[in-house]
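J.: Here's a sequence, model it:
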Amino acid sequence: MALFKKRTAGKPGEWYYCLEHGKVEEGPECPAKDRFGPYASRQEAEHAMATAREKNLQWENDPRWHDASSRDEDDASG
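T.: Below is the predicted model:
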């Protein structure tokens, strides 16, 4: 008896953005390491990269994530 069952194709209405192929797919066609999602709509998945860029920018500019130790490391390497 198998301990882990292979997951079948995604549920209808689950949308993903494949990083490997740069395309939107319904249901996970590619491995989890190569995709963003699931998203509720195709449109959300189409904007996955823009959403990721916005979130990364917010994180990079969030003072709560830039403590003294990370600034010290930046100063030492620069």
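J.: Might you report the residue contacts of the residue nearest to the spatial centre of the chain?
T.: The chain has Phe36 as the residue nearest its centroid, 4.1 Å off, counting by CA atoms, centre = their mean. With CB atoms under 8 Å, 6 or more residues apart in numbering as the criterion, the residues that contact Phe36 are 16-17, 19, 45, 48, 52. The way it works is simple: take the backbone N, C-alpha and C, and place the C-beta from them, glycine included.
J.: what residue ranges in the protein score low on pLDDT?
T.: Low-confidence segments of the chain (pLDDT under 70): 1-10, 66-78.
J.: can you give me the strands for it?
T.: Counting by DSSP state E, the chain has strands at residues 15-18, 23-26, 35-39.
J.: buried ones in the longest helix seen in the chain?
T.: Under DSSP state H, the helix in the chain containing the largest number of residues is helix 48-60. Judged by neighbour count using 16 or more other CB atoms under 10 Å, the buried positions of helix 48-60 are Ala48.
J.: what angle do it and strand 35-39 make?
T.: Here the directions of helix 48-60 and strand 35-39 differ by 100 degrees (axes from the mean of the first three to the mean of the last three CA atoms, to 10 degrees).
J.: Tell me how far helix 48-60 lies from the chain's centre.
T.: The chain centroid and the centroid of helix 48-60 are separated by 10 Å, computed with CA atoms, centre = their mean, to the nearest Å.
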